[in-house]
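**Q** sequence first, then the predicted structure:
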Amino acid sequence: MNELTTLLGNLADRTNNLHGRDTLFTWDKSLDDLKTLLDVAEALRLMRADGTATRCFDSGLAISQFRDNSTRTRFSFASAANLLGLAVQDLDEGKSQIAHGETTRETAVMISFLSDVIGIRDDMYLGAGHAYMLEVAEALDQSFRDGVLPQRPTIVNLQCDYDHPTQTMADLHHLTREFGSLENLRGKKIAMTWAYSPSYGKPLSVPQGVIGLMTRLGMDVTLAHPPGYDLIPEIVEMSARQATESGGSFHQVATMDEAFASADIVYPKSWAPYKVMERRTELLMAKDGDGLKALEKECLAQNARHGNWECDRARMDLTRDGKALYLHCLPADITDVSCKKGEVTAEIFEQYREPLYRQAGYKPYAIASMILCGRFGDPASVLQSMMERGDRRVRS
Amino acid sequence: MNELTTLLGNLADRTNNLHGRDTLFTWDKSLDDLKTLLDVAEALRLMRADGTATRCFDSGLAISQFRDNSTRTRFSFASAANLLGLAVQDLDEGKSQIAHGETTRETAVMISFLSDVIGIRDDMYLGAGHAYMLEVAEALDQSFRDGVLPQRPTIVNLQCDYDHPTQTMADLHHLTREFGSLENLRGKKIAMTWAYSPSYGKPLSVPQGVIGLMTRLGMDVTLAHPPGYDLIPEIVEMSARQATESGGSFHQVATMDEAFASADIVYPKSWAPYKVMERRTELLMAKDGDGLKALEKECLAQNARHGNWECDRARMDLTRDGKALYLHCLPADITDVSCKKGEVTAEIFEQYREPLYRQAGYKPYAIASMILCGRFGDPASVLQSMMERGDRRVRS
Amino acid sequence: MNELTTLLGNLADRTNNLHGRDTLFTWDKSLDDLKTLLDVAEALRLMRADGTATRCFDSGLAISQFRDNSTRTRFSFASAANLLGLAVQDLDEGKSQIAHGETTRETAVMISFLSDVIGIRDDMYLGAGHAYMLEVAEALDQSFRDGVLPQRPTIVNLQCDYDHPTQTMADLHHLTREFGSLENLRGKKIAMTWAYSPSYGKPLSVPQGVIGLMTRLGMDVTLAHPPGYDLIPEIVEMSARQATESGGSFHQVATMDEAFASADIVYPKSWAPYKVMERRTELLMAKDGDGLKALEKECLAQNARHGNWECDRARMDLTRDGKALYLHCLPADITDVSCKKGEVTAEIFEQYREPLYRQAGYKPYAIASMILCGRFGDPASVLQSMMERGDRRVRS
């Protein structure tokens, strides 16, 4: 357990500013805080692999609220909660919408009396997802101050309209392990590019989250998409600023080929233009079914003009030594497998299946780390205690 | 932990007659049993606040069956189960109705082999909810006697057509804390009054549960509603009798103003007349959609004649020193917030938001107490053992 | 705990070949493995009855995937998981079908990062259920070999198109207790017979599972059904072979009366002909609603010709001393109770209600045993440790 000792040493050297705060964006955390999140995630992963029991809660609820479908994140959240000793209780709004204003505030408190974490996915409505999380956070703050809540549950953003921090921190965990360390990522080129999909309306949170995080690390971050497929401008501008500050670079290019050229890492993935997401949000809120159908038709036609934005062997050959690491948040639209024409060829996907699954496997630890760092002032000491107790996860 | 020691002392002095019984009504419990429920709830609350681990089950299931929507009670039940170490498993009947007779009996047993508690909400059908719980109870009794079940799960009524004991015991917990003690409630005036709502068909269980419980405590209980909005007559009669026996009083008045006059506590809340609930039950059972629509229209028109039954500043000024404690089981229909015209003005609701949330926060402990008292012969010793073990809920 | 000591002794004498394998069929397990499953189930049952805590997992998920409705098995799975310390997380595919091929493989891995067991019910599609489980198993094998999964979750078949091992092992547990031992079943006659039901399309897995298991034990297994109500031929042939090998016998007869004659055990239950299930599978896959309605009509008409296949007093009088043990997997179609005309008269069902419920009560332990034996190399030592720790399930 030499590695673990090193991690605990690193952790002990840093103040945990994540304690008592929520994880809504990666970009409002300091670099040290991101390192802490990574180190705690890795420590938990090592302990789990070694069979050490990692329950730091004897009881407590982990609330999940999925305002959009989810399999991967749902199971990652459940796994993370369970790893730390919390029981999942799902807030299923069913067909009724929890109205904004009074009711969001009230519901937030009503589910929190004995809760330690609330995980929220709200990525459908541009301009609403993050705002909803802030509203929940304020309600919890108020009721904790009032003494109504015996503890302040930490909020974990399980995907909003801006960011997807549990995904991108898992991605980063994967990169640090593939490239040896966080420091080794400095100077590496990552291509975040749009890719063709036969569906429309995929959220912006992954590409935004990726450029918003990777520009912090001195990497060469290149963003590529067809004309009109813009991300939210503020996030693109922020990413450019961050790249400069971190000693890296940020470029936007017009083709997948340019993005892939000499890249160390590629992340080809479909998304919808943010202007489309804005229109879609208005139509969804107005419950305008005809308008939504018309928008979908228009967007699919627009997508169809860019069917050649596919990650294939020829493009992979453009990357550094033809061996870039291929990333995806999954599920991918795989040509001739899950659809006729998609984001990636079956050959490339098959080649990278193992590392892709490994990438996905970090998410439970990313979430567990956010819970642990949000709820405990001194994560190093919590982990140290687990090691010293030496309880086994499986008692044979 | 002086308070806790006092509570344990009180508990040790009383025989626990709740052991091996279900919590279906408050009115079939002795006053001592109600005190035990309150004391155990408060002890668990203090221990949770102090960070003491309160798991008395190493494993075991807590079954929930919600035959009507629920957020608050669902999370309270999950919290209570988790607090004691039980895992929640929800019995979701889906669209199929579990037929009465054979099948209720069989299902009750099938879900109970390793279960310690079954929480049931069945409040939609007048004449059916409590009957259903009795049927489940009989099935469990029989199978426990037969040795088919290794333990007899305790049943907790999470709201039926008559009573809502987890709500009213949480309300009472709140009152004892606001007024200092159960004894201090003697002579206090509580106004249980109807209030206007733009919806119809709200259950009778809260007002019935409130008058059925508060008349046991020597309080001055005043019930007010517009003509025709009667509660089930047997419960009103029982409440009057109980008031006499407890040295308190029970009055019915015709206006909200009279009820509020010099009240120490007000509980303004909408409900449907029991005769309407009877007709509604018949229509629901006959699946008579047109009949239900006609009934709703008729009832909303009837409600509309009483739009002035609203809790506002002027009425609050009629209460003792203008400072009565405002109660509600939540969610409230708040004028200009959740509806155009409702049970209470935004101003009053806002003034009492903090105590209202506090009131709601007692429900997890009310339920946990019912589980613990129903399953353990000697609650004082169970709590004493938890204290002596001194395990922490959160292990940092 | 003399019995328990004997069981642990038996277990210690046998190699556990179930470790690292899935429980998909009973017939691919050796007789020794089946004995191990029974002994572990009985040991867990005795320990639970005695109040001994049986958690061998400190954390870990138990995934359930029900591709068909379930109450009994769902609660049995939840109970089993909880008994061993695992938390249930349900994979709800909702209305979307998880496509076969790539996606099944991927989903299987995505839900398994911190999972110890996956329980699957997939009994609707003849030719697909078992195939699906194999596909999941292969995906898990691959990802475990790749180091993507830190552990290989064991798969428990909660009912497929061929077998229903958690049901039949619970049935067998019941029989060993009713007849004193597994050895005492040798030479006993069990009648697995079709019975009339007003519905159609009931799975074949129970009758197939029963003849596929009971022919291993030297029993006289007699199968009866009306012409055309055949089970899958390969399983019938296998059962005949097994009967010869085990020193028992296997007969097929044309009437319920012949099957019941001198039977020690009767298991009258409706099922659909496998050829109907094949046609139904094709229609379901083609989403041919009209075809399905036509098939149902045809099958109900066919069923109606065999309404006299009912288990009644006269037929029970044909059994050994008129006292055969009546088995059913529940829920039964009971004449004049759950339907006008069904599989069994109310009188017979009522007479056997207690043993029927007892029979059902073994299922949680059957599942727990499959989990424990699949995940631990030395079940005897796991159980021994539980006894030595002596933790109580309920801490009073």
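**A** Looks like it arrived, so ask away. Residues are numbered from 1 along each chain as shown, chains lettered A, B, ... in the order given.
**Q** shaky segments in chain A?
**A** Low-confidence segments of chain A, defined by pLDDT under 70: A:1, A:94-102.
**Q** show me the longest helix that occurs in it.
**A** Scanning chain A for the helix with the most residues, using DSSP state H, yields helix A:31-50.
**Q** what are the phi and psi values for the closest residue to residue A:349 other than its chain neighbours?
**A** Distances taken as C-beta to C-beta, 6 or more residues apart in numbering or on different chains put residue A:334 closest to residue A:349, at 4.9 Å, once the chain neighbours are dropped. C-betas here are computed from N, CA, C, even on glycine. Note on residue A:334: its backbone torsions stand at phi -100, psi 120 [degrees, to the nearest 10].
**Q** quick one: residue A:334 from residue B:35, how far?
**A** Residue A:334 sits 65 Å away from residue B:35, taking C-beta to C-beta, to the nearest Å as the criterion.
**Q** of these two, which one has the most company?
**A** For the pair residue A:334 and residue B:35, the greater number of neighbours falls to residue A:334 (24 against 16), based on other C-beta atoms under 10 Å in any protein chain shown.
**Q** for residue A:341, see how far away that one is.
**A** According to C-beta to C-beta, residue A:334 and residue A:341 sit 10 Å apart.
**Q** quick one: list the elements packing against the longest helix of chain A.
**A** For helix A:31-50, the elements it packs on are helix A:2-12, helix A:165-179, helix A:363-375, helix A:379-389, judged by 3 or more C-beta pairs under 8 Å, 6 or more residues apart in numbering or on different chains; DSSP states H and E.
**Q** same thing but 10 Å
**A** helix A:2-12, helix A:72-84, helix A:165-179, helix A:363-375, helix A:379-389 (3 or more C-beta pairs under 10 Å, 6 or more residues apart in numbering or on different chains; DSSP states H and E).
**Q** phi, psi of residue A:54?
**A** For residue A:54, the backbone dihedrals are phi -120, psi 30 (criterion: degrees, to the nearest 10).
**Q** also the one 3 residues further on?
**A** For residue A:57, the backbone dihedrals (degrees, to the nearest 10) come out as phi -120, psi 130.
**Q** equivalent analysis for residue A:158, please.
**A** For residue A:158, the backbone dihedrals (degrees, to the nearest 10) come out as phi -90, psi 20.
**Q** what residue in the stretch 151-300 of chain A comes nearest to chain C?
**A** Proximity of the stretch 151-300 of chain A to chain C (C-beta to the nearest C-beta) peaks at residue A:170, 10.8 Å away.
**Q** so what's the backbone phi/psi at residue A:194?
**A** Backbone phi and psi, for residue A:194 under degrees, to the nearest 10, turn out to be phi -60, psi 150.
**Q** which non-adjacent residue is nearest it?
**A** residue A:225 (3.6 Å).
**Q** distance of that neighbour from residue A:264?
**A** For residue A:225 relative to residue A:264 (C-beta to C-beta), the value is 20 Å.
**Q** more crowded one of those two?
**A** In this comparison of residue A:225 against residue A:264, neighbours counted by other C-beta under 10 Å, the higher total goes to residue A:225 at 24 against 21.
**Q** check contacts around that one.
**A** When contacts are counted by C-beta atoms under 10 Å, 6 or more residues apart in numbering or on different chains, residue A:225 is found next to A:192-195, A:207, A:231, A:252-256, A:259, A:270-271, A:273, A:306, A:309.
**Q** what helix or strand does residue A:221 sit in?
**A** Under DSSP states H and E, the secondary-structure element containing residue A:221 is strand A:220-224.
**Q** these two touch, right, the residue of the stretch 151-300 of chain A closest to chain C and residue A:26?
**A** No: under the contact definition of C-beta atoms under 10 Å, residue A:170 does not touch residue A:26, with a separation of 11.5 Å.
**Q** what's the closest non-adjacent residue to the residue nearest the centre of chain A?
**A** Computing the C-alpha centroid of chain A and ranking residues by C-alpha atoms, centre = their mean puts residue A:167 first, at 2.4 Å. Here the nearest residue to residue A:167 in space, its sequence neighbours aside, is residue A:329; by C-beta to C-beta, 6+ apart that works out to 5.3 Å.
**Q** ok so, going back, ok, of the contacts of residue A:225, which come out buried?
**A** A:192-195, A:207, A:231, A:252-253, A:256, A:259, A:270-271, A:273, A:306, A:309 (16 or more other C-beta atoms under 10 Å in any protein chain shown).
**Q** out of the residues you listed, who's nearest residue C:46?
**A** When the buried ones among the contacts of residue A:225 are compared for distance to residue C:46, the smallest value, 56.5 Å, is given by residue A:270; criterion: C-beta to C-beta.
**Q** now that closest one: closest residue in space that isn't a chain neighbour?
**A** When the adjacent residues along the chain are set aside, residue A:270 lies closest to residue A:197, with 3.5 Å between them (C-beta to C-beta, 6+ apart).
**Q** against residue A:341, how distant is the one you found?
**A** Residue A:197 is 9 Å from residue A:341, where distance means C-beta to C-beta.
**Q** ok, residue A:277 next?
**A** Residue A:277 sits 23 Å away from residue A:341, going by C-beta to C-beta.
**Q** which residues of the stretch 151-300 of chain A fall in helices?
**A** Here the stretch 151-300 of chain A has its helices, by DSSP state H, counting those that start in this stretch, at A:165-179, A:205-214, A:233-246, A:256-260, A:274-285, A:289-304.
**Q** just name the most buried of those.
**A** Using mean count of other C-beta atoms under 10 Å in any protein chain shown, the stretch among the helices of the stretch 151-300 of chain A with the greatest mean number of neighbours is helix A:205-214 (a mean of 27).
**Q** that one - contacts with which helices or strands?
**A** With contacts defined as 3+ C-beta pairs under 10 Å, 6+ apart, the packing partners of helix A:205-214 are helix A:165-179, strand A:189-194, strand A:220-224, helix A:233-246, strand A:249-253, strand A:265-269.
**Q** again, only using 8 Å
**A** Secondary structure elements in contact with helix A:205-214, counted by 3+ C-beta pairs under 8 Å, 6+ apart, are helix A:165-179, strand A:189-194, strand A:220-224, helix A:233-246, strand A:265-269.
**Q** dump those into CSV; add distance to residue C:377 as well.
**A** As requested, those are arranged in CSV below (distance: least, C-beta to C-beta, whole Å):
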stretch, distance to residue C:377
helix A:165-179, 30
strand A:189-194, 44
strand A:220-224, 48
helix A:233-246, 50
strand A:265-269, 41
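**Q** which stretch among those comes nearest residue B:379?
**A** With C-beta to C-beta as the criterion, residue B:379 lies closest to helix A:165-179 of the helices and strands packed on helix A:205-214, at 41.4 Å.
**Q** show me what the closest one packs onto, helices and strands only.
**A** helix A:31-50, helix A:72-84, strand A:154-157, helix A:205-214, helix A:346-361, helix A:363-375.
**Q** now with 6 Å?
**A** Helix A:165-179 makes packing contacts with helix A:31-50, helix A:205-214, helix A:363-375 when contacts are defined by 3 or more C-beta pairs under 6 Å, 6 or more residues apart in numbering or on different chains; DSSP states H and E.
**Q** relative to helix A:346-361, how tilted is it?
**A** Relative orientation of helix A:165-179 and helix A:346-361, computed by axes from the mean of the first three to the mean of the last three C-alpha atoms, to 10 degrees: 110 degrees.
**Q** helix A:165-179 to helix A:205-214, inter-axis angle?
**A** In terms of direction (the same axes, to 10 degrees), helix A:165-179 departs from helix A:205-214 by 60 degrees.
**Q** contact partners of helix A:165-179?
**A** Residues outside helix A:165-179 that contact it (C-beta atoms under 6 Å, 6 or more residues apart in numbering or on different chains) are A:23, A:26, A:37-38, A:41, A:157-158, A:182, A:185, A:209-210, A:213, A:325, A:329, A:359, A:362-363, A:366-367.
**Q** what is the neighbour count of the nearest residue to residue A:122 once chain neighbours are set aside?
**A** If the residues on either side of it in the chain are set aside, residue A:122 comes closest to residue A:129, at 3.8 Å by C-beta to C-beta, 6+ apart. One way to gauge burial is a neighbour count; for residue A:129, by other C-beta under 10 Å, it gives 26.
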